[in-house]
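>>> model this:
(2 chains)
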Amino acid sequence: MKPFTYERAKTPAEAAAAVARQPGAKFLAGGTNLLDLMKLEIETPRHLVDVQDLKLDRIEPTSDGGLRIGALVTNTKLAADTRVRRDYGVLTRAIVAGASGQLRNKATTAGNLLQRTRCPYFYDPNMPCNKRKPGSGCAAIGGYSRQLAVIGSSDHCIATYPGDMAVAMRVLDATVETVKADGTTRAIPIADFHRLPGDTPHLDNNLEAGELITAVTLPRPIGGTHHYEKVRDRASYAFALVSVAAIIQKDGSGRVAFGGVAHKPWRVEAADDVMTQGAAAVTAKAFADARPTDDNAFKIPLATRALAATIAEGRSA
Amino acid sequence: MKFDTPAGTNPIDQEKVVGKPHPRIEGPLKTTGRAVYSYENHEAAPDAAYGYVVGSAIAKGRISSMDVREAKAAPGVLAIVTADNAGPIKKQGFYVAKPLAGPEIEHYHQAIALVVAETFEQARHAASLIRVDYARGQGAFDLAAARGGAKPHRRRPDIRIGDFDKAFSSAPVKVDATYTTPDHSHMMLEPHATIARWDGDQLTIWSAQQIIGWARRDLGNKLSIPQDKIRIVATYIGGGFGGKGSVCSDAILAALGARAVGRAVKVALPRPLMPNNTSHRPATIQRVRLAAGRDGKLVAVGHETLSGNLPGGGPEIAAAQTQLLYAGANRLNLTRLATLDLPEGNAMRAPGEASGLMALEIAMDELAEKLGMDPVELRILNDTQVVPGDPGRGSPTDPQSASGNQGKAEEAPLPFSIRQFIPCLRTGAERFGWKQRSPKPGSRREGRWLIGMGMASAIRGAPIMPAGGRVTLDAKGIVTVESNMTDMGTGSYTIIGQTVAEMMGLPLDRVVVKLADSDFPEAFGGGGQGGAASATAGAYAACMKLREAVATKLGFNSADAKFVGGEVRAGNRRAPLAQAAKDGAITAEDKMEYGDLSKRFEQQTFGAHFCEVAVDAYTGEIRIRRMLAVCAAGRILNPITARSQVIGGMVGGAGAALMEELAVDKRFGFFVNHDLAGYEVPVHADIPHQEVIFLEETDPTMSPVKAKGVGELGISGVAPAIANAVYNATGVRVREYPITLDKHLAKLPEIV
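Residues are numbered from 1 along each chain as shown, chains lettered A, B, ... in the order given. Prediction:
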């Protein structure tokens, strides 16, 4: 771990300004991912701005009937919130499918959106990795890629976004609210929040330097049955091989996002349109441009089968 | 004390303390955080500096240059140990890979430096400032590709009995299949960790070591230090599974670092370094050929296994147990070893059997299906009470061979000391409800789950090694036992205490157990499931001597004296045990040594594993529903700690069956998923219900204690039982472990 300095910010704008001011500064919230990466010197911030005092830990109704989730709301609190459980079940299901009870007690809403890939080559500083060290190459291409991306990848990176919560937020059409160093705010649709790797895989998302997430808002509930099907080798405490976040209406229509398959939560709106035609039709559209490796080609039929299970569950609900 | 004839009745047979379910005596220390593990021994080394190991970034080649100037100048840095300044390190020892490389690199993450600093953080940061240039060499990293150069190994000569080829080719029913098992990591909870301290030329290491004697021997040999100048202490160990079989880089480098800085140094291996820096269970490619008559009797049993290792390393002896498990006149048993430049392969829980049964016991399931026979019945039918193919060597205790009428040519082949294999199978089938299993694969479904049941046989050697003990009776009537046996969390403290309590007629709370210090009498250690049997026999020998000393002191004829209820009794006379020590403590020390019983009898433990799984018909995910192990493993010294050993083994078997695999990058030559996020081991949710049954058994050929090990039996045969259950659920046979969903997904039932 590189030596670093540390401060605790009092307000969101002050935190954003503090990070923008110092090159190599980062926000620290729950620390469940950042601190691990710092120990391995994969992340080497020179300064940490701790945001835990920012009072962004409330879940409140919005004026249009939705819900505003403070950036520092823990995964545990969010998953347990009665409004979330009633109206946004997919979100609760996704959160409790991830990590462990201890981690969810520390992990925050904003931090969870920002968790970095679990590509094993990213985690080994001896290996080339364009995400960790731009321009060094990608050892995962041609290497052990069973967990890695099947779609939206590039010749520079085949990493996946590893989280569950964001996949549910994607299917809920959530919005990420931020404040920039100059005090201005913006709202970023979740679809535009995470990036595909392209030739800049070191950028996971579209936040600017110093831009701080203050909240995630959910639009008014859309009903339906809510599903999160997480497929993994081990029954708990494992990253998804494939996950399916779905909301299915009584008439069989619905929407779906996939986790574990791309550099971001993967949703193709055109695929939602054919939900009534069954899982194979949906994944044919959602994964039309897939470029899997030999190791992970199974993820595409697996996504179809996991979605089929979800649709069957929706029917019987 | 010499043990050379089968044991008769002795004080252990009372089973007043031995055999009783005593909770671990050190348990409260562990659950309250007061048990001091090696790295935490602040009392021994209050001013210890911190060492951080730097691992090689390449798998094969050499260091062309190393610049430590910036690291050395970093805050807090006291010394940097590299091959340039470490002095000679000899290669001999249990592990063949060098604990400190340079300039030649033998494997990925092999240690190339130890940075010693005032704090852990300073050492870790300075480690990142070392600049190393490598000249990458060509290495062999692909086991299948290395097959051409594979050779037999002196430890496992080829076995060819009868005419295997002819018998196999002419048999009506046969299986010929290849199975693969991947490299496995021990991934014990406590990493390899050591504190080293020099007092003049005397070196003490507090180190996580399973076998104190080997650690001292290898540390002495590698660093050219006389053994009497080395003390090893391993009071508590947070798991080992074979991975702490002797000194690794942490211990060697801590010793060198401490010498360099003139104060104690502590080193723990970071988790991501462990899989490549230390040893692992090597991958195997196994071909099993079984042939039977229509009656199910095996006529040909062939098992060939291939594994790889660094030059000088040994093979995974995965075919060995096949010579002992089933009858069959024609046999082929071949072990081949290829040279690989991956990290060192070495012992991991049930080396040989764990991997070998993963192949053999699927093959038996396949054969049963071809025969249309129940898998349990097939195994019962092929039981053998003597070592198959053994030419016969005469056994003085065997009535048949002892008979002069039968002549030398009729001498019986080597018998098993005791073999309750069939009772294991029958008991297991009964208790598990085996008859509910549908013989037709893929025929039982509950909602989205495909349900299957499977079983497999278990066999694991029961080694016993010479071991000593020292017992001291004090004036309060407390008996303290000392032995260099270790406790990896296995229960050694408790069972040795129970043995002494039984022998001295005391309750367990009147016995103090001190273990895992090279100042104590040699007792082998924890490994090969030989520790419990060996160390308790050593304690028995010491107690026999103490009983004699006590009886003499109290004026009893030692042959008549009974040690009961804290007293010594004979006839009408009785005296408190403590009275013998009123003029001063009495100490007795002895060692149990062995004659040739292990050559006259094949000593093994036996078991049967049963498993029920559910496979998600949509996603192919496999979830275990329940598991049962039936074990016949000599006297069970403590049903609680023995059960813990077996259920732990079953968890290891579940990991081997369903998820554990060190993924090899064949370009860079290393295990890619080298942390606990990438290398998945089972969590609680994977293990819903486990049951263990121990059959009544004592084995008088082992020692007066009549006990065997059970910890490695617990993993042997578990993975194939699960594999067979998965097949029974799906009808898709997967022969490449681990059985992950991608390997059967395409063949699962179509979805709507």
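>>> Make sure residue A:150 is actually in contact with residue A:298.
No: using CB atoms under 8 Å, residue A:150 makes no contact with residue A:298, being 9.2 Å away. Yep, even glycine has a C-beta here, placed from its N, CA and C like the rest.
>>> the more surrounded of those two?
Using other CB atoms under 10 Å in any protein chain shown as the criterion, residue A:150 and residue A:298 rank with residue A:150 on top: 28 against 21.
>>> I'd assumed that one was in a helix, is it?
No: using DSSP: H, G, I helix; E, B strand; the rest coil, the secondary structure at residue A:150 is coil, not a helix.
>>> excluding its backbone neighbours, what's nearest it?
Nearest non-adjacent residue to residue A:150, counting by CB to CB, 6 or more residues apart in numbering or on different chains: residue A:292, 4.0 Å away.
>>> Which of the three states applies to that neighbour?
From three-state DSSP, the assignment for residue A:292 is coil.
>>> List the contacts of it.
Contact analysis of residue A:292 by CB atoms under 8 Å, 6 or more residues apart in numbering or on different chains lists A:150-151, A:299-300.
>>> Top of these by number of neighbours, please.
In terms of neighbours by other CB under 10 Å, these top out with residue A:299 at 30 neighbours.
>>> Any idea how many residues pack against the residue of the stretch 201-350 of chain B found nearest chain A?
Closest residue of the stretch 201-350 of chain B to chain A, CB to the nearest CB: residue B:272 (7.0 Å). Counted with other CB under 10 Å, the neighbours of residue B:272 add up to 22.
>>> Pretty sure residue B:422 is one of the things residue B:606 touches, is it not?
No: in this structure, residue B:606 is not within contact of residue B:422 by CB under 8 Å, at 9.1 Å.
>>> Out of these two, name the residue with the larger neighbour count.
Taking other CB under 10 Å, residue B:606 and residue B:422 do not tie; residue B:606 has more neighbours (30 against 17).
>>> Is that one within a helix or a strand, and which one?
strand B:604-616 (DSSP states H and E).
>>> That strand pairs with which strands?
Pairing partners of strand B:604-616, with direction, according to DSSP bridges: strand B:449-461 (antiparallel), strand B:622-632 (antiparallel).
>>> distance between that strand and the chain's centre?
How far strand B:604-616 lies from its chain's middle: 19 Å, per CA atoms, centre = their mean, to the nearest Å.
>>> could you give the mean pLDDT of that strand?
Strand B:604-616 shows a mean pLDDT of 98 in the predicted model.
>>> again, but for stretch B:233-246
Computed over stretch B:233-246, the mean pLDDT rounds to 98.
>>> got it, and stretch A:113-121?
Stretch A:113-121 shows a mean pLDDT of 98 in the predicted model.
>>> So is it next to chain B?
Yes: Stretch A:113-121 reaches chain B (CB under 8 Å from any CB of the partner chain) through A:118, A:120-121.
>>> from these, which is closest to residue A:221?
Proximity of these to residue A:221 (CB to CB) peaks at residue A:118, which lies at 31.6 Å.
>>> wait, the closest one sits on residue A:163?
No: between residue A:118 and residue A:163 there is no contact under CB under 8 Å: 9.7 Å.
>>> In this structure residue B:728 contacts residue B:450, no?
No: contact criterion CB under 8 Å: residue B:728 and residue B:450 do not qualify, at 9.1 Å.
>>> What strand or helix carries residue B:649?
Here residue B:649, judged by DSSP H and E, is contained in helix B:639-658.
>>> Can you mark which positions in that helix are buried?
Residues of helix B:639-658 classed as buried under the neighbour-count rule (16 or more other CB atoms under 10 Å in any protein chain shown) are B:640-658.
>>> Show me what the helix or strand just after it is packed up against.
Scanning forward in sequence from helix B:639-658 by DSSP H and E, the next helix or strand is strand B:664-665. Strand B:664-665 makes packing contacts with strand B:670-671 when contacts are defined by 3 or more CB pairs under 8 Å, 6 or more residues apart in numbering or on different chains; DSSP states H and E.
>>> Partner strands of the helix or strand following the strand it packs on and their direction?
Once strand B:670-671 ends, the next helix or strand along the chain (criterion: DSSP H and E) is strand B:690-694. Applying DSSP bridges, strand B:690-694 is found paired with strand B:622-632 (parallel).
>>> what's near enough to touch the nearest residue to residue B:72 once chain neighbours are set aside?
Among residues not flanking residue B:72 along the chain, residue B:80 sits closest, at 5.7 Å (CB to CB, 6+ apart). Going by CB under 8 Å, 6+ apart, residue B:80 touches B:68, B:71-72, B:113-116, B:126, B:130.
>>> what's the answer for residue B:367, then?
Applying CB under 8 Å, 6+ apart, we find residue B:367 in contact with B:173-175, B:290, B:292, B:378.
>>> For chain A, which helix extends over the most residues?
helix A:299-316 (DSSP state H).
>>> Ramachandran angles for the closest residue to chain A within the stretch 401-550 of chain B?
Of all residues in the stretch 401-550 of chain B, the one sitting closest to chain A is residue B:448 (6.4 Å; CB to the nearest CB). Torsion angles at residue B:448 (phi, psi; degrees, to the nearest 10) stand at phi -90, psi 0.
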